[in-house]
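[1] Have a look; sequence and predicted model below, questions after that.
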Amino acid sequence: MKRLLQASLIILASMGVADARSLDDIISSGTLRVGVNPNFPPMSSYSTDNKLEGFDVDIAGKLAEALGVTVELVPTESQQRVPFLVSDRIDISMGALTRTVEREKVIDFTVPLHTEAMATLTTENVTAKSWKDLNSADITLVNMRGNWSVDFLKEKLPDANVLLVDTIADTVRSVAQGRGDAIIENIDFFMKFTENYPDVKWRVIEDTVFVAFCGIGVSQGNDDLLRVLNVAMYDLHSSNTVNDTWRKWYGADMLKPVVPQPFF
């Protein structure tokens with residue numbers, strides 16, 4: 001995460017800062033420019049007919065509809081999310097933008113759109129009631145090479161064995177085939193892959209390691225746009241549109257849903 005933030009700041013320095021389009025500018029233009037990550041399924045990615053699709057794409061369309069404009073999707077890689085916003089290439093930034101103090105220094109955030117819950121996916125063969133119960137030589141944790149959580153879990157659960165693989169699909173397959181016992185990660189991103197193994201009795205341990213909140217990024221000081229988006233987000237949450245859209249793309253409920261708040 002720290003390396004990703006540093007990369008973003010380097011790009012930011014090279015692109016400079018530009019005045020953001022105001023709410024009136026956006027409405028007058030008839031278009032809301034939304035940054036979405038083209039390589040982050042099921043959040044957003046290209047379909048077989050080369051169109052962007054996913055959770056973020058559907059929500060972006062709903063927000064544009066609320067503003068009375070059409071949506072323009074701008075492919076924005078993870079390290080470009082903040083720089084593209086600050087340089088006025090996009091009006092809002094999506095792509096699981098976690099709210100952090102460092103980002104708050106350069107952009108504003110709407111109320112949370114969704115959460116990222118670090119929790120445990122396992123099967124009924126494992127009886128642990130807490131992720132901390134997995135600190136045993138009888139347990140093999142499956143993770144992906146390069147994930148920051150590999151070192152974190154080695155420190156927190158030093159007695160557990162570790163099996164490293166390359167993709168999310170590989171981690172779920174390893175547990176389904178019995179080569180590993182559990183996955184401790186942002187479990188929401190793994191749930192859809194469990195559908196490939198309907199005979200496995202999957203189980204999510206209720207306690208979480210932590211929960212992060214992801215909002216929509218807006219240029220700092222673009223208050224009129226921020227206020228309107230927050231009202232629109234409240235409507236999408238309270239009508240259950242966000243949760244329904246999440247279930248559509250992730251194949252399961254959000255592990256820790258956002259509780260809508262009427263005042264912000």
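    Perfect, I can see it now. In this text, all values refer to a predicted model and were calculated from it rather than measured experimentally. Numbering: from 1, shown residues only.

[2] Okay, and the spatially closest residue to Leu23 that is not a sequence neighbour sits in which element?
    Nearest residue to Leu23, sequence neighbours excluded (C-beta to C-beta, 6 or more residues apart in numbering): Asp224, at 4.0 Å. Every residue, glycine included, has its C-beta placed from N, CA and C. For Asp224, the enclosing helix or strand under DSSP states H and E is helix 223-238.

[3] could you give the mean pLDDT of that helix?
    For helix 223-238, mean pLDDT rounds to 97.

[4] buried sites along the lengthiest strand in the chain?
    Among the segments of the chain that qualify as a strand by DSSP state E, the longest is strand 202-219. With burial defined by 16 or more other C-beta atoms under 10 Å, the residues of strand 202-219 counted as buried are 202-205, 208-209, 212-219.

[5] go on, stretch 183-198?
    Neighbour counts over stretch 183-198 (16+ other C-beta under 10 Å) mark 183-194 as buried.

[6] can you list contacts of that stretch?
    The contact list for stretch 183-198 (C-beta atoms under 8 Å, 6 or more residues apart in numbering) reads 42, 115-122, 131, 134, 141-144, 147, 149, 153, 168-169, 171-173, 175-176, 200, 202, 204, 209, 246, 249-252, 254-255.

[7] out of those, which are inside strands?
    Using DSSP E, the contacts of stretch 183-198 in strands are 115-122, 141-144, 202, 204, 209.

[8] returning to that earlier point: helices and strands around the helix holding Asp224, which ones?
    When contacts are defined as 3 or more C-beta pairs under 8 Å, 6 or more residues apart in numbering; DSSP states H and E, helix 223-238 packs onto helix 23-29, helix 55-67, strand 202-219, helix 241-250.

[9] How far off centre is it?
    Relative to its parent chain, helix 223-238 has a centroid offset of 19 Å by C-alpha atoms, centre = their mean, to the nearest Å.

[10] orientation of that helix relative to helix 55-67 in degrees?
    120 degrees (axes from the mean of the first three to the mean of the last three C-alpha atoms, to 10 degrees).
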